[in-house]
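# missing the sequence, but the structure's below:
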């Protein structure tokens, strides 16, 4: 009845409808960016309490391996993109074969899905990568030979399906490939030499279908237990190193013809050289500081890229910033109380993902804006601790 | 069935539940800010297609004058706040009398609701205000006398219910109070001297219940047809003027004991003095540039203030920025196409409100970040035009 008091209006429309496979924190922050551009973001996840759904993104129920649900998503949206890469590539190829826009496309996506494949492609294209061997876990002769050539321990990775440190271990002999949960059983493993790391770096680029690329300032990352734990932007490395890292990232983005955000992780070795580690073809944890500290967040630029819209400025707007992830501690923290403490430092920006607590789970992140990296890190760490970060 | 593949988890919780009366663009942008702090924003509006509801804020159906709906909102949230002031003050007093947290409270809210009351209170407290007279529209003797004393034309305002230029007119004689739609009929009018304006300014402050206040950089505003049309931050006025404007705003915020954002509009007159125009006790159009150009947006600081959380930094992160409102042109524009043009300038930040087109309606705004105000204004105007702004 109350509606009668309003004039009859044409129905509001959106500027675009974007499908995103996955409804986690990356989709949640993409939804925040989508609101400003009046983009309807439809996230495909089986969970009605997924972080993005709780934030108000449209919910398209379905598991990422459900081909029918993927087709439904593609048919009701202009473009399909991803908040994770755990989608069968054959499904993605089917969507493309039927004429649907999927960005990134299957060949770029495969490099983020299969670490052995990525190593082989990047080495073949001449990029610096660690020595590696794709091998059956039972092939102890080949493993022993690799260990002799490159020194023990060697890094062992599940080529597919690993994330946040799951699927990575150190092996100190051919018979001990570490506590790696190899899935599927009988699959292969990726052995890598253990590179002497001085600093881990990440470069985010956004790329349109026509090849136009922008890049963000190089980020220094600190891993803990294989999970990206802290970031400093800009990275505290010589200018020449940062330029070279950007050069490599842009070249790879062009080479693999990615659309959307691509995050390239690199090692700066103790002898000053750069080695490519892994890549992701979606918004990435290493780019969270872009929300608060650059002109256009990685999430907005991902949307703009996959919709073939002009890309936004990526300038850092502050002298320095640092991000610390809030990983769940042993017991649930009172986030409401923690927030009151975390926000005491004026330059702190809190991002909570609306997830239930679990030890080690990424529950949020904190970015601090400051005059220098040390001050930013100190603020961000203090705020993350206040939120119960382990 | 697919949910069976996930472990049973404790239900996610929010850090706070905030009720907001109104579901327009201010509520929409408040929801964007609420997501990061994992605040559940419940917007009370009769419209299921209101801008905030379309962005995913929780919908609490109800008109702003529906006392039962207001009580429901108060009972299911920690604090009630507002995206407009068109709520009967008696209703607000009832909520407070029943022990509900309503921020701002009724006495501060009244100053935003009733322009004659605000003039009287601020003049009584010694602040510089234009000469004014609250009068019955038929009292031609008093009106003629006011016009003689202060010169014709005089400004005529509906003391209550006006917004965006509705309820403001110029009168050139006692018998011609202009095309003012006086509501309720038989109500009084507010006459004001026409101040010789050099520049219109606005100052936003955020204030916690304990009196802690932060202020944003002073903004220069350009009105067109009574609607705030363009903003430049920081205002191009002498430092001493900006400092004085901030001083007045902070003093008034303390004096009226406001909680949340308060926006104070002032005139800088041609003789260099400052005169208080109007105030709002909620997020305000004049603060939209805070989303993209300051460390903490007005929307986040409003939430933090009404929840009694520490306030965030308000520093301007760029040399200059400008905001241009996108008011609907005579015909609907193709916003999707407009977006592709508007985003061509890398420093442009587009905010669309998800509203149906109507001529003159605020459909969105554009903020441009730049090295100087002129460059920012040029970018923002160009982008707003691309989006079909009149």
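Ah, there it is. Since the model is a prediction, treat every value here as computed from it, not as a measurement.

# pull the number of nearby residues for the residue of chain A found nearest chain B.
Of all residues in chain A, residue A:56 sits closest to chain B, at 1.1 Å by CB to the nearest CB. No exception for glycine: its C-beta is placed from N, CA and C like everyone else's. A count of nearby residues for residue A:56, using other CB atoms under 10 Å in any protein chain shown, gives 25.

# in three-state terms, label it for me.
The three-state label given to residue A:56 by DSSP: H, G, I helix; E, B strand; the rest coil is coil.

# for it, give me its contacts.
Listed by CB atoms under 8 Å, 6 or more residues apart in numbering or on different chains, the contact set of residue A:56 reads A:31, B:31, B:35, B:55-57.

# would CSV of those residues with pLDDT be doable?
Formatted as CSV, these follow (pLDDT from 0 to 100):
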residue, pLDDT
A:31, 98
B:31, 98
B:35, 98
B:55, 97
B:56, 97
B:57, 98
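
# can you list the low-confidence ranges for the stretch 101-250 of chain A?
When residues are selected by pLDDT under 70, those of the stretch 101-250 of chain A lie in A:162-166, A:177-186.

# show me where it has strands.
Here the stretch 101-250 of chain A has its strands, by DSSP state E, counting those that start in this stretch, at A:132-135, A:154-157, A:168-171, A:189-192, A:197-207, A:213-215, A:219-224, A:227-233.

# I'd like those strands laid out as CSV, including distance to residue B:201.
Converted to CSV, these look like this (distance: least, CB to CB, whole Å):
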stretch, distance to residue B:201
strand A:132-135, 62
strand A:154-157, 59
strand A:168-171, 57
strand A:189-192, 61
strand A:197-207, 37
strand A:213-215, 36
strand A:219-224, 39
strand A:227-233, 35
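
# residue A:68: neighbouring residues, count only.
8.

# what does residue A:138 give?
12.

# next up, the contacts around it.
By CB under 8 Å, 6+ apart, the contact list for residue A:138 is empty.

# next one: residue A:245
Applying CB under 8 Å, 6+ apart to residue A:245 gives the contacts A:201, A:203, A:218, A:237, A:264, A:266, A:274.

# surely the first one is in contact with residue A:265?
Yes: with contact defined as CB atoms under 8 Å, residue A:201 and residue A:265 form a contacting pair (7.3 Å).

# which residues do those two both contact?
Common contacts of residue A:201 and residue A:265 (CB under 8 Å, 6+ apart): residue A:221.

# so for these two, which sits in the more crowded spot?
Counted by other CB under 10 Å, residue A:201 and residue A:265 do not tie: residue A:201 has more neighbours, with 25 against 20.

# who is that one paired with across the strands?
Per DSSP bridges, the residues bridged to residue A:201 are residue A:220, residue A:266.

# who touches it in this structure?
Contacts of residue A:201 (CB under 8 Å, 6+ apart): A:218-221, A:235, A:237, A:241, A:245, A:265-268, A:274.

# by neighbour count, which of these wins?
residue A:219 (29 neighbours).

# what sits against that residue?
By CB under 8 Å, 6+ apart, the residues touching residue A:219 are A:201-204, A:231-235, A:286-287, A:289.

# could you do residue A:119 as well?
A:129-130, A:132, A:134, A:190, A:192.

# ditto for residue A:98
Per CB under 8 Å, 6+ apart, neighbours of residue A:98: A:71, A:74.

# same thing but 10 Å
Residues near residue A:98 by CB atoms under 10 Å, 6 or more residues apart in numbering or on different chains: A:71, A:74-75.

# show the buried residues in the residues you listed.
A:71, A:74 (16 or more other CB atoms under 10 Å in any protein chain shown).

# save the contacts of residue A:98 as CSV, and put in secondary structure and pLDDT too.
Formatted as CSV, the contacts of residue A:98 follow (DSSP: H, G, I helix; E, B strand; the rest coil; pLDDT from 0 to 100):
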residue, secondary structure, pLDDT
A:71, helix, 98
A:74, helix, 98
A:75, helix, 97
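
# which one of the contacts of residue A:245 is nearest residue B:344?
The closest of those to residue B:344 turns out to be residue A:203 (CB to CB; 24.6 Å).

# quick check: closest non-adjacent residue to the closest one.
Nearest residue to residue A:203, sequence neighbours excluded (CB to CB, 6 or more residues apart in numbering or on different chains): residue A:249, at 3.8 Å.

# same deal with residue A:146?
residue A:133 (4.7 Å).

# quick one: that neighbour and residue A:150 touch, right?
Yes: the pair residue A:133 / residue A:150 is scored as a contact, 8.9 Å apart, by CB atoms under 10 Å.

# list residues touching both of the two?
In contact with both residue A:133 and residue A:150: A:191-193, using CB under 10 Å, 6+ apart.

# check the residues you listed against chain B, which are close?
Checked against chain B using CB under 10 Å from any CB of the partner chain, the shared contacts of residue A:133 and residue A:150 give no members in range.

# out of these, who has the most neighbours?
residue A:191 (25 neighbours).

# picking that back up, tell me which of the strands of the stretch 101-250 of chain A lies nearest to residue B:24.
Distance to residue B:24, taken as CB to CB, is lowest for strand A:197-207 among these, at 31.5 Å.

# what angle do the closest one and strand A:227-233 make?
Interaxial angle, strand A:197-207 versus strand A:227-233 (axes from the mean of the first three to the mean of the last three CA atoms, to 10 degrees): 80 degrees.
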